[in-house]
Every structure is written in structure tokens, then in C-alpha cells.
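K.L.:
model this:
(one chain, ligands or ions: 1)
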Amino acid sequence: MNVPFADLHSQYLSIREEIDEAIAAVIKGSAFIRGPFVQKFEEAFAQATGAAHCVSCANGTDSLYIAMRALGVKAGDEVITTAHSWISSSETISQAGGTPVFCDTDAASFTIDPQKIEEKISARTVGIIPVHLYGQPADMDAIMAIARKHKLWVVEDCAQAHMARYKGQMVGSFGDAASYSFYPGKNLGAMGDAGALTTNDPALARRMAMLARHGGINKGDHEIEGINSRLDGLQAAILSVKLPHLPAWTRRRQAIAQQYDRHLAGVQGVTTTEVMPGREHVYHLYVIRHEKRDELARHLNARGIQTVINYPVALPFLPCYSHFGHQASDFPNAHHNQSRILSIPIFPEMSDAQIEAVAQGIREFADR
Ligand SMILES: *Cc1c(COP(=O)(O)O)cnc(C)c1O
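P.N.:
Numbering: from 1, shown residues only. Next up is the predicted model:
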């Protein structure tokens, strides 16, 4: 049985009429840029995440950049982020004029290790970007305590964790601002690029909106220089259709993860995803670990089961950061995990037979 890593088409088919109607309405109204569909999605997303303000933008990477510009990051400023993430989490620090300072991950949760943050703080540190990686919230109580003590801002990278909860509180509501991606494969995905920011701070919301729109809230204002980062009407209408389905899709992801937990418990050499106490995981990815990761991936791929490695090289070890001269021993957990992690298929439309086929493929490898 073939098991794709994700299946965006089957999601479309499950809500085809709603999507087609929404797209037709945008075209009928020629509401391609800004306009009612964008406004409606911003309001719906703010309400769904419990934020006072939502500022939409072109993609998740831009949302991180815009947040940092709005928070006043300037040359020489240092921003601490996690050592293991997608590159957006660190490249945007440099784009905003700052310097990324990496902090190792916690070995089991894959999220930034708060115990190692304080040793990274210098007189130049201005903020922290925790990433709720794979869909599991970072340890926000500990991170916020450090941020308050050292007067640092916090921008939560929620690109993989839409509406996950930490001790009952939704991610994105802890820090000064939260950044979201609606890349097609994300838990809430558009049919193209899309992103958003949320915040409870009206002044920050205003600055972020200005920066995303050429530096002015209204056309022609240009109070400052900004960028062009817009959510388009088609994507906004599509996201408005999908948003009400997100809770059910998340529950299905969680049910699939529980099946994997059961099927893979005790399988020789396999470490399953661990959920830390008090954290709700929304399983953008289900990540296992194995000492012979590459062999396991080949075994599964030969059986038609697609896997991905998120991410095979931790941020400090990427060629673009070689000038920092980081060593493996500087980030032991990220370095250990990068050669062992394997993301196995998880998507809401996955059938139980597909889940069993993946688990069976992994068990076969373990029993060889
Ligand atoms: C996807 C992602 C982003 C960036 O989102 P884009 O919409 O692709 O620009 C940022 N951070 C993390 C952790 C992501 O997974």
C-alpha cells in the first residue's frame, strides 16, 4: 500500500464545494488584494486564537521578519532562537539586521531547552524566538520567566502548532507576538503562500500592519518604509473555509498519533514522539528516532511509504552559518537528533489501513 507523506488533494475533495464557492466569490468580486475576504479571515483567525489583533501577510517567513522589525531589532542586536528548526526561524533575525544566537534543544521534546537560554544572554540580547516544533508547545512558563527577568521580548513561531495548548493556554498568547505560516502542508494550509501575526498589543499590531503594507495603514501614508507582504483575497477566502475544520483535523491528527504510539510501543530501536506534561501536541509532524534512520527510511520508501527528515542539519551546522564556527559539542542534543529523526506520514485524511501499513513497515525493519 502506498502511503504519501501528505495528501492535499484528498483534503480539497473533502470540502470541494465550499472551496470552489469561496474562490468563485473572490473572482466575482475581483477582491484579489485586501478587501472583505482578507478582513474576514483576520477577524476569524484572531477569534479562533483568542488574540486581540491579527495582521495577515504573504507567508510565515515574512511574519517573523515583520514582527522583529516592529519590535525594533537593529544592527548588533542578538536574538536567541532554537538550534533545530526550519531556517525561517533564524534567517529572519539576520534579515531584520540582528544576529541569531542559537540555543540547544531539549533532547526529548525537540523544543528550545530553557535551562540553556540564560547562558546565551548578553548585553546585546533583545528577544527570544521559541518554536513550537512539530506541533508541540515549547516550555513557555520557563521561557517567559527568563524573558521577564531579562526584559526581553518573545515572538512565538507557531508555524507548526496552530492552536496547540500549553497548560490549557493556547500557543501564541504567551509572547509579545505570534507568527503563523499557512503554507499548504501546514495544519492550516492555504493553496499557495500565506501567513499571519497575532498580538494583544494594539500599538505593535499597528506597526506590524504598517510594515507589511509599505509603511502605511492607508494607501499612500508611508509613515515609514515597509515591505509588500500581503495575504491575497483567494488565499484568505480559502483559509476562512478551512479554519472551522481545523479542530476536527487536529483531533484526527492526534488520534493517528495515538495509533502510532500504540503500534510502535516497544518496537526495538524505535523512539516514538514524547509529549511533555501539560503540553497538547497538534502533530504537524510525527517524528520517530532510530539509530539506523537512513536505512529505515530506505526500507519504508521501498514499500511505497514516504518519509521526510525535518531537519537533517540543525541550524548552527548549516553552511550559511559556518562563519560562527559552531561545533557539534555546542549543541549536543540538536546534533544527536539530526541524524536519528524521521517524520512518518500524518495527515487528517489518512486511513487506518495506511497507519497500519506504516507501523507494519517499521516493525518489519525492527524484526529483520
Ligand atoms: C513553515 C515554517 C516557517 C515559514 O513559513 P513559510 O510560510 O513557509 O514562509 C517558519 N517557521 C517554521 C518553524 C516553519 O515550519
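K.L.:
Which residue ranges make up each domain of the chain?
P.N.:
Domain ranges of the chain: 8-244, 246-367, per automatic domain parsing.
K.L.:
State the mean pLDDT of the first one.
P.N.:
Same thing as domain 8-244. Mean pLDDT, domain 8-244: 97.
K.L.:
and that domain, is it in reach of the ligand?
P.N.:
Yes - Domain 8-244 reaches the ligand (CB under 6 Å from any ligand atom) through 59-61, 85-86, 88-89, 131, 157, 159-160, 181, 183, 193, 195. (C-beta placed from N, C-alpha, C; glycine too.)
K.L.:
ranking the domains of the chain by burial, who's on top?
P.N.:
Each of the domains of the chain was assessed for mean neighbour count using mean count of other CB atoms under 10 Å. The highest is domain 8-244, with a mean of 20.
K.L.:
Next, the distance between the ends of it.
P.N.:
From its first residue to its last, domain 8-244 covers 17 Å (CA to CA, to the nearest Å).
K.L.:
Equivalent analysis for stretch 155-174, please.
P.N.:
Rule used - CA to CA; the end-to-end distance of stretch 155-174 is 9 Å.
K.L.:
quick one: Arg368 and the ligand, what's the gap?
P.N.:
Counting by CB to the nearest ligand atom, to the nearest Å, the separation of Arg368 from the ligand is 33 Å.
K.L.:
What ranges does the stretch 151-300 of the chain have for its strands?
P.N.:
153-157, 165-166, 169-170, 177-181, 195-199, 286-289 (DSSP state E, counting those that start in this stretch).
K.L.:
Kindly reformat those as CSV containing distance to Leu243.
P.N.:
Output for the strands of the stretch 151-300 of the chain, formatted as CSV (distance: least, CB to CB, whole Å):
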stretch, distance to Leu243
strand 153-157, 19
strand 165-166, 17
strand 169-170, 14
strand 177-181, 12
strand 195-199, 11
strand 286-289, 23
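K.L.:
of all these, which lies closest to Tyr12?
P.N.:
Closest approach to Tyr12 among the strands of the stretch 151-300 of the chain (CB to CB): strand 177-181, 18.9 Å.
K.L.:
Report the inter-axis angle for that closest one versus strand 195-199.
P.N.:
Here the directions of strand 177-181 and strand 195-199 differ by 160 degrees (axes from the mean of the first three to the mean of the last three CA atoms, to 10 degrees).
K.L.:
closest one to Asn2 among the domains of the chain?
P.N.:
For Asn2, the closest of those is domain 246-367, at 3.9 Å, according to CB to CB.
K.L.:
Can you measure across the closest one, start residue to end residue?
P.N.:
37 Å.
K.L.:
Look up phi and psi at the nearest residue to Thr61 once chain neighbours are set aside.
P.N.:
In space, Thr61 comes closest to Ser88 once its chain neighbours are excluded; the distance is 4.2 Å by CB to CB, 6 or more residues apart in numbering. Phi and psi for Ser88, reported as degrees, to the nearest 10, are phi -50, psi -40.
K.L.:
In contact with Ser88, which residues?
P.N.:
Gly60, Thr61, Leu64, Asp157, Ala159, Ser181 (CB atoms under 8 Å, 6 or more residues apart in numbering).
K.L.:
Which two among the residues you listed are spaced furthest apart?
P.N.:
Largest separation among these by CB to CB: Thr61 and Asp157, giving 10.2 Å.
K.L.:
returning to that earlier point: out of the contacts of Ser88, flag the one nearest to His9.
P.N.:
Nearest to His9 among the contacts of Ser88, with distances taken as CB to CB, is Ser181, at 20.3 Å.
K.L.:
Tell me the bridge partners for the closest one.
P.N.:
For Ser181, the beta-bridge partners under DSSP bridges are Gly195.
K.L.:
measure it to Thr92 for me?
P.N.:
To Thr92, Ser181 is 12 Å away according to CB to CB, to the nearest Å.
K.L.:
Ignoring the adjacent residues along the chain, who's closest to the one residue in the stretch 1-150 of the chain that gets nearest to the ligand?
P.N.:
At 2.5 Å from the ligand, Gly60 is the closest residue in the stretch 1-150 of the chain, using CB to the nearest ligand atom. Once flanking residues are discounted, Gly60 sits nearest to Ser181: 2.4 Å by CB to CB, 6+ apart.
K.L.:
likewise Asn2?
P.N.:
Using CB to CB, 6+ apart, the closest residue to Asn2 is Gly304 (3.9 Å).
K.L.:
State whether Gln11 is indeed within a helix.
P.N.:
Yes - residue state for Gln11 (DSSP: H, G, I helix; E, B strand; the rest coil) corresponds to a helix.
K.L.:
so what's it up against?
P.N.:
Residues near Gln11 by CB under 8 Å, 6+ apart: Phe347, Pro348, Glu349.
K.L.:
And the last one, how far from His9?
P.N.:
Translated: Glu349. To His9, Glu349 is 9 Å away according to CB to CB.
K.L.:
swap in the second one?
P.N.:
Noted for Pro348: a distance of 13 Å to His9, by CB to CB.
K.L.:
Where do the helices of the protein begin and end?
P.N.:
8-14, 16-29, 36-49, 60-70, 88-95, 140-149, 202-212, 233-242, 246-264, 293-302, 332-338, 352-367 (DSSP state H).
K.L.:
contacting residues for the closest residue to Ser14 other than its chain neighbours?
P.N.:
Distances taken as CB to CB, 6+ apart place Glu349 nearest to Ser14, at 6.5 Å, with adjacent residues excluded. Neighbouring residues of Glu349 by CB under 8 Å, 6+ apart: Asp7, Ser10, Gln11, Ser14.
K.L.:
and the two most separated of these?
P.N.:
Across the contacts of Glu349, no pair lies farther apart than Asp7 and Ser14, at 10.3 Å, counting by CB to CB.
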